[in-house]
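In: Sequence first, then the predicted structure:
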Amino acid sequence: MNTSTVIQVENLTKRFGNFTAVDTISFEVKKGEIFGFLGANGAGKTTAIKMLIGLSKPTDGMGKVAGFDIAKEPEQIKKNIGYMSQKFSLYNDLTVKQNIRFFGGIYGLSKEKIRQKTHTILTELDLESVAKKPVAELPLGWKQRLAFAISMVHEPEIVFLDEPTGGVDPNVRRQFWETIYYVAGQGRTVFVTTHYMDEAEYCDRVSIMVDGKIEALDTPNTLKKQFNATSMDEVFLKLAR
Amino acid sequence: MMTIMPIVQLILLSNAASNEIKEVNIVIVDRDQSESSRLLNRKIIANDRFNLVAIPFSSSTAKDYLQANKADIVLEIPNDFERKYVRGERPKLQMLVNAINGQNATVGSGYLNTIIGTFNAEIIPNTLRTTPATAQFTVASRNWYNPELNYKHFMAPGILAELTALLTIVLSAMNVVRERELGTIEQINVTPIKKWQFIIGKLVPFLCVGMILLTVGILVSKLLFDIPIRGNIGLIFGYAVFNLIAVLGLGLLISNFADTQQQAIFVAFFFIMIFVLMCGLFTPIESMPKWAQYLTIPNPLAHIISVSRKVLMKGSGFWDIRWEIIYTILLAIVFNALAIWSYKKQT
């Protein structure tokens, strides 16, 4: 495995009974890449992500994330990745600060490190005024940005974002992508799923899943040429029809 | 909120849930109308537990009272009552007991028997100059550890133990499944947290809630009911820690298997019902069939009730409650090991 390859997947498969949710997919993601993982609802994106982050055991095939085997060393992988899902999953009844401290603590950060991180997150996201408010009271856009920041609290090499911008306004979406670029600029890898095709254009490379299989994988520009389309939207529609 | 409700229950239930019969409705049919029979009547009525409903002349009228549920006991004094015992023959009294409410019946007739017994002891020797060869002997019973047979002393520690277990099992059973419903569990599962760390993280806060409830509960019981605290109160608290860990382990185990909070509550109540009815609070474990007695061994509630009664009322020490401690620690280990095992970070 190339040192700059941080995710490597070969013939990864997940079956639930007779249903094959993810069907022998293979791909590689390089360090510092923004990798778009696209597909219609039910195409198997979330199942695939869950296998990569160690929440779900693969039925077949192999995969390595951050150098660890997804079937055998899921707990090692978890130390090196961040994950944020479409479903908001911070603790609503804890305050902004308490959430940061809680997740910082789980990842084993020192008190000093947590204090420092709290300060950085609060200033960067401009959340000082609501630091002591329960997260439940924040608007959705703020919550999602906080969730993203917290998923990065232990400074992981790779961060998985499962539809991070679902339900937020265009302004917050833009801020979100600015953050994604910032994170990628630090040499981290961003693995992101989305439904917004304009967001797909921002990715370095894009894969499109249809019925559990990866039907296309390349840079947005190459894909557009390949499918003779003017936008990713068209590419997607041609594939997922 | 979490502690106030159980305390209210404690106060209410300790007063209401009692085997003590305060009012026994009695109907006396006095056919003798003699001095002795009237003396017996007065003795019965003088006891404030008995409430004289009527003194009819015929036994059929008396039976009507029973039929109408107006009387719990009918006492019939035969017309040869005084004559017989002056002669030294043993007169026979008839007692009809309304046994629809078995508890009222046994306890009420017990009271009445005691009164008649003392009447026998007092009156017969006085009137009978010729003391019968079969010298009467009486059994003087004394109730140890609770001499006044105060039911609140008996019930309050048990009810408190029961409420604490109930609260903690419900809280813990709802917890993990609630996180699953909210989706926060997924965020936890993608962290490198160890399974045992997760379970301990869930245990400790509820353990604190349980201990606070127990402390407040004992305080309230002491202030309101003046329950005796004869043993070492530290022993109770020390034991309670293990007991709560066992109960919480079971709650978390339920929570791990449940898909929804409703399901968790349903299963938790299944256990609560069995635990409560078989914990020895309402039915003494000794009077259960043998197989049911064995079933109380995996019941943490039975152990804490036994311990709280032994330590509070009898002043038992560590050695006297060793079996409860051993069983409880075993339960705590088994339930929590299962809870850790069944918590799946990966599907």
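Out: Received, thanks. All figures in this text were calculated on a predicted structure; none of them were measured in a lab.

In: Chain neighbours aside, what residue packs nearest to A:D218?
Out: Spatial nearest neighbour of A:D218, chain neighbours left out: A:R205 (6.4 Å); criterion: CB to CB, 6 or more residues apart in numbering or on different chains. Using the backbone N, CA and C atoms, a C-beta is placed for each residue, glycine as well.

In: beta partners for that neighbour?
Out: In this entry, A:R205 is beta-bridged to A:F35, by DSSP bridges.

In: ok, now which ones touch it?
Out: A:V29, A:E33, A:I34, A:F35, A:G36, A:L217, A:D218, A:T219, A:P220 (CB atoms under 8 Å, 6 or more residues apart in numbering or on different chains).

In: Am I right that the fifth one is in contact with A:M197?
Out: No. Taking contacts as CB atoms under 8 Å, A:G36 lies outside contact range of A:M197: 9.8 Å.

In: ok, the two, which is more surrounded?
Out: A:G36 (25 against 18; other CB atoms under 10 Å in any protein chain shown).

In: excluding its backbone neighbours, what's nearest the more buried one?
Out: Nearest-residue entry for A:G36: A:C203, 3.3 Å, with adjacent residues in sequence omitted and distances by CB to CB, 6+ apart.

In: try B:L166
Out: Spatial nearest neighbour of B:L166, excluding adjacent residues (CB to CB, 6+ apart): B:I272 at 5.9 Å.

In: Secondary structure element for the one you found, which one?
Out: Element membership of B:I272 [criterion: DSSP states H and E] is helix B:261-277.

In: How about A:Q8?
Out: Remark: A:Q8 resides in strand A:5-16, with elements defined by DSSP H and E.

In: Quickly note the distance from the residue lying closest to A:Y107 once chain neighbours are set aside to B:I193.
Out: In space, and not counting its chain neighbours, A:Y107 is closest to A:H154: 3.8 Å by CB to CB, 6+ apart. Distance, A:H154 to B:I193, using CB to CB, to the nearest Å: 12 Å.

In: Which of the two has more residues huddled nearby?
Out: Between A:H154 and B:I193, counted using other CB under 10 Å, A:H154 has the larger neighbour count: 21 against 18.

In: Quick one: low-confidence residue ranges for the chain.
Out: Let's take chain A. A:1-3, A:241 (pLDDT under 70).

In: To clarify, I was referring to chain B.
Out: Across chain B (using pLDDT under 70), the flagged ranges come out as B:1-2, B:17-21, B:101-104, B:123-150.

In: Within the sheet, what are the partner strands of the lengthiest strand in it, with directions?
Out: The strand of greatest length in chain B, counted in residues with DSSP state E as the criterion, is given as strand B:24-30. Strand B:24-30 has the following sheet partners, assigned by DSSP bridges: strand B:50-54 (parallel), strand B:73-77 (parallel).

In: Surely the residue nearest to A:G36 and A:V192 touch.
Out: Yes. Using CB under 8 Å, A:C203 makes contact with A:V192 at a distance of 7.0 Å.

In: Residues in contact with both of those two, list them for me.
Out: In contact with both A:C203 and A:V192: A:I34, A:F35, A:G36, using CB under 8 Å, 6+ apart.

In: circling back to that earlier point, how close does the residue nearest to A:D218 sit to chain B?
Out: From A:R205 across to chain B, the span is 23 Å (CB to the nearest CB, to the nearest Å).

In: Can you list the residue ranges for helices in chain A?
Out: Counting by DSSP state H, residue ranges of the helices within chain A are A:45-52, A:74-80, A:96-106, A:111-124, A:140-151, A:170-185, A:197-202, A:220-226, A:232-240.

In: Check the stretch 201-347 of chain B too.
Out: Taking DSSP state H, counting those that start in this stretch as the criterion, the stretch 201-347 of chain B contains helices spanning B:233-257, B:261-277, B:290-295, B:300-309, B:322-342.

In: Go through the ones you listed and name the closest to B:S59.
Out: For the helices of the stretch 201-347 of chain B, proximity to B:S59 was assessed by CB to CB; helix B:261-277 is nearest, at 39.7 Å.

In: By neighbour count, which bits of stretch A:123-140 are buried? Give me those.
Out: Residues of stretch A:123-140 classed as buried by neighbour count (16 or more other CB atoms under 10 Å in any protein chain shown): A:L125, A:L127, A:V130, A:V135, A:L138.

In: now the first one, nearest residue through space, not along the chain?
Out: In this structure, A:L125 finds its nearest non-sequential neighbour in A:R145, 5.5 Å apart by CB to CB, 6+ apart.

In: Was I right to think that neighbour contacts A:F176?
Out: Yes. Using CB under 8 Å, A:R145 and A:F176 qualify as a contacting pair, with a distance of 6.6 Å.

In: The two: who's more crowded?
Out: With neighbours defined as other CB under 10 Å, A:R145 and A:F176 compare such that A:R145 has more, 23 against 20.

In: The spatially closest residue to B:L250 that is not a sequence neighbour: what's it in contact with?
Out: The shortest distance from B:L250 to any residue that is not its chain neighbour, by CB to CB, 6+ apart, is 4.6 Å, and that residue is B:F335. Contact analysis of B:F335 by CB under 8 Å, 6+ apart lists B:A246, B:V247, B:G249, B:L250, B:L252, B:L253.

In: which parts of the stretch 151-300 of chain B sit against chain A?
Out: Counting by CB under 8 Å from any CB of the partner chain, the positions of the stretch 151-300 of chain B adjacent to chain A are B:L182, B:G183, B:T184, B:E186, B:Q187, B:I188, B:N189, B:V190, B:T191, B:P192, B:I193.

In: Can I get those in CSV including secondary structure?
Out: Below are those laid out as CSV (DSSP: H, G, I helix; E, B strand; the rest coil):
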residue, secondary structure
B:L182, helix
B:G183, coil
B:T184, helix
B:E186, helix
B:Q187, helix
B:I188, helix
B:N189, helix
B:V190, coil
B:T191, coil
B:P192, coil
B:I193, coil
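
In: Grab the nearest non-local neighbour of A:K57.
Out: B:Q346 (5.8 Å).

In: which residue ranges form the strands in the stretch 51-200 of chain B?
Out: Along the stretch 51-200 of chain B, the segments classed as strands by DSSP state E, counting those that start in this stretch run B:73-77, B:94-97.

In: Buried deepest among those, which one?
Out: Greatest average neighbour count among those goes to strand B:73-77 (a mean of 23), per mean count of other CB atoms under 10 Å in any protein chain shown.

In: what's the distance between A:L55 and A:D126?
Out: From A:L55 over to A:D126 (counting by CB to CB), the distance is 32 Å.

In: Brilliant, that's me finished.
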